[in-house]
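**Q** sequence and computational prediction follow.
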Amino acid sequence: MNRNHHSGRQLALVVGGTGIAGRALCRELAGQGRRVLSLSRGTPAPLDGVETVRADLTDAESVAHALAGHAPTQVFFTAWSRRATEAENIVVNAAMVRHVLDAAGRSGRLRHVALVTGLKHYLGPFEAYATGAARETPFHEDEPRLPVPNFYYAQEDEVWEAAERYRFTWSVHRSHTIIGHSVGHAMNMGMTLAVQASLCRAAGRPFVFPGNEVQWNGVTDMTDAGLLARQMIWAATTEGLPSQAYNTANGDVFRWRWMWPRLAELLEVEPEGFAERPRPLEQQMAGEADAWRALAARERLAEPDLDRVASWWHTDGDLNRPVECFTDLTRSRNAGFTGYADTLASFAALFDTLRRERVIPG
């Protein structure tokens, strides 16, 4: 049963609608015939059925102005802003959540807030990533917070405080690395690997795994952006669910030693796996901006700026973790969410989209 019976009057607000998770949410919600409002700092590529407003999420007045006249019934919060330190991340990202929920909550129509976080909940922030006591895999939602500062915790705290103030239910969605399409996004492994392969193929070089031995041989999982969107919508619209956190992953697990050659086949390059030491992309791809610009000109690609299509640092971080990472999905399955995605098929679909949209050569 839907929480909000007057479905024609519902309004779903997607915060960060230009990102990987946000764009997938906008597509999914619009596809269901929902009224959708996308809020972001940038100007999104238009999507049918999605109204867009722009605001600086770090500025309360900017957010209030953008949402004036709108009364969301659900908020899907997918945005974040990267800063130099975790202390700064906490201040900025907590404020962004607070500004949106204050602006959206005042109408009294807000019924549910769904927040995307991730496995740094269990691993710690980037500046102390997986350096403390390792959590046992698979990760479970009821494990206590780590004793380190983490902007995900601060975002959760803001949601809980606003829920008390404005009387809405909430869900937190702890996704693993997301496979999805959004140019200019700061954490986009699928696109980063596709761009790496395109540069390697153009130069006649092998497609070299950038990570460490733990990730090469360990078990892991990932999260398809469409699956994440469907879980968030399920949590926001299913009657009777408690307010709680859910791990969000595709449901299959793999080892990179199995996945890497299959990605190489999809991307038409020669794979080269882990050998002796990590070979991070920030080193492998140093100085490749001009090569990408030339490739983009030759192949008439949509984005000549390498920094907008590849996030070497993020993929290096994921593939050089000192511990294996995968999640337990029992809680969401017991609650009724049975969504599943094939990770290799998610990569294949993304690569097809990138070719079709001329982000990488066909």
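**A** Nice, I can see it.
**Q** secondary structure element for residue 172?
**A** Following DSSP states H and E, the helix or strand that holds residue 172 is strand 169-175.
**Q** and the contacts of that strand?
**A** If you take C-beta atoms under 8 Å, 6 or more residues apart in numbering as the criterion, strand 169-175 is touched by 3, 21, 111-119, 121-122, 139, 141, 156, 159-160, 163, 223, 228, 231-232, 235-236, 241, 243-249, 327. In short, each C-beta sits where N, CA and C put it, glycine included.
**Q** do stretch 135-150 as well
**A** Identification of contacts with stretch 135-150 by C-beta under 8 Å, 6+ apart yields 86-87, 90, 119-125, 128, 132, 153, 174, 219, 244-247, 323-328, 331.
**Q** keep only those of those that are in strands.
**A** If you go by DSSP state E, the contacts of stretch 135-150 have 174, 219, 244-247 in strands.
**Q** residue 273: neighbour count?
**A** Counted with other C-beta atoms under 10 Å, the neighbours of residue 273 add up to 15.
**Q** leaving out chain neighbours, which residue sits closest to it?
**A** residue 209 (5.1 Å; C-beta to C-beta, 6 or more residues apart in numbering).
**Q** now residue 23
**A** Excluding its sequence neighbours, the residue lying closest to residue 23 (C-beta to C-beta, 6+ apart) is residue 182, at 5.2 Å.
**Q** which ones are touching the closest residue to residue 105 other than its chain neighbours?
**A** Among residues not flanking residue 105 along the chain, residue 166 sits closest, at 3.4 Å (C-beta to C-beta, 6+ apart). Shown in contact with residue 166 (C-beta under 8 Å, 6+ apart): 101, 105-106, 108, 110.
**Q** distance from the top helix by length along the chain to the middle of the chain?
**A** In the chain, taking DSSP state H as the definition, the longest helix is helix 86-105. With C-alpha atoms, centre = their mean, to the nearest Å as the basis, helix 86-105 stands 18 Å off its chain's centre.
**Q** got the angle between that helix and strand 169-175?
**A** In terms of direction (axes from the mean of the first three to the mean of the last three C-alpha atoms, to 10 degrees), helix 86-105 departs from strand 169-175 by 140 degrees.
**Q** returning to that earlier point: which of the ones in strands among the contacts of stretch 135-150 sit farthest apart?
**A** For the ones in strands among the contacts of stretch 135-150, the maximum inter-member distance is 25.2 Å, found between 219 and 244 (C-beta to C-beta).
**Q** thinking again about what came up before, quick check: the residue nearest to residue 273 touching residue 200?
**A** No - in this structure, residue 209 is not within contact of residue 200 by C-beta atoms under 8 Å, at 11.7 Å.
**Q** run a quick neighbour tally on the residue nearest to residue 273.
**A** 25.
**Q** and if you look at residue 243?
**A** The number of residues near residue 243, taken as other C-beta under 10 Å, comes to 15.
**Q** ok, which stretches of the chain are helices?
**A** With helices called from DSSP H, the chain shows them at 20-31, 60-67, 86-105, 120-123, 151-166, 189-203, 213-217, 225-237, 256-267, 281-284, 289-299, 312-319, 330-335, 343-356.
**Q** tell me what the third one is packed against?
**A** Helices and strands touching helix 86-105, by 3 or more C-beta pairs under 8 Å, 6 or more residues apart in numbering; DSSP states H and E, are strand 12-15, helix 60-67, strand 74-77, helix 151-166.
**Q** tell me how far the lowest-mean-pLDDT helix or strand in the chain lies from the chain's centre.
**A** Least confident helix or strand of the chain, by mean pLDDT, DSSP states H and E, is helix 120-123 with a mean of 92. Computed by C-alpha atoms, centre = their mean, the chain-centroid distance of helix 120-123 equals 14 Å.
**Q** got the CA coordinates for that helix in CSV?
**A** C-alpha atoms of helix 120-123 as CSV (Å, rounded to 0.1, in the frame of the first residue of the first chain):
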residue,chain,number,x,y,z
LYS,A,120,32.3,4.1,4.5
HIS,A,121,29.7,3.8,7.3
TYR,A,122,31.5,0.5,8.1
LEU,A,123,35.0,1.4,6.7
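**Q** residue 246 and residue 234: what is the separation?
**A** For residue 246, the distance to residue 234 (C-beta to C-beta, to the nearest Å) stands at 9 Å.
**Q** more neighbours: those two, which one.
**A** A direct count of neighbours by other C-beta under 10 Å for residue 246 and residue 234 places residue 246 higher, at 23 against 19.
**Q** can you tell me the closest non-neighbouring residue to the more buried one?
**A** For residue 246, ignoring the flanking residues on the chain, the nearest one in space by C-beta to C-beta, 6+ apart is residue 332 at 4.5 Å.
**Q** can you check residue 230 too?
**A** Using C-beta to C-beta, 6+ apart and skipping the chain neighbours, the partner closest in space to residue 230 is residue 339 (5.1 Å).
**Q** would you confirm that residue 254 contacts residue 218?
**A** No - between residue 254 and residue 218 there is no contact, the gap being 10.1 Å when judged by C-beta under 8 Å.
**Q** low-confidence regions, the stretch 151-300 of the chain specifically.
**A** Scanning the stretch 151-300 of the chain for pLDDT under 70 picks out 185-186.
**Q** do that again at 80, thanks
**A** 183-187 (pLDDT under 80).
**Q** the residue nearest to residue 353 when sequence neighbours are not counted: neighbour count?
**A** Excluding the flanking residues, the one nearest residue 353 by C-beta to C-beta, 6+ apart is residue 181, at 5.2 Å. Neighbourhood size, residue 181 [other C-beta under 10 Å]: 19.
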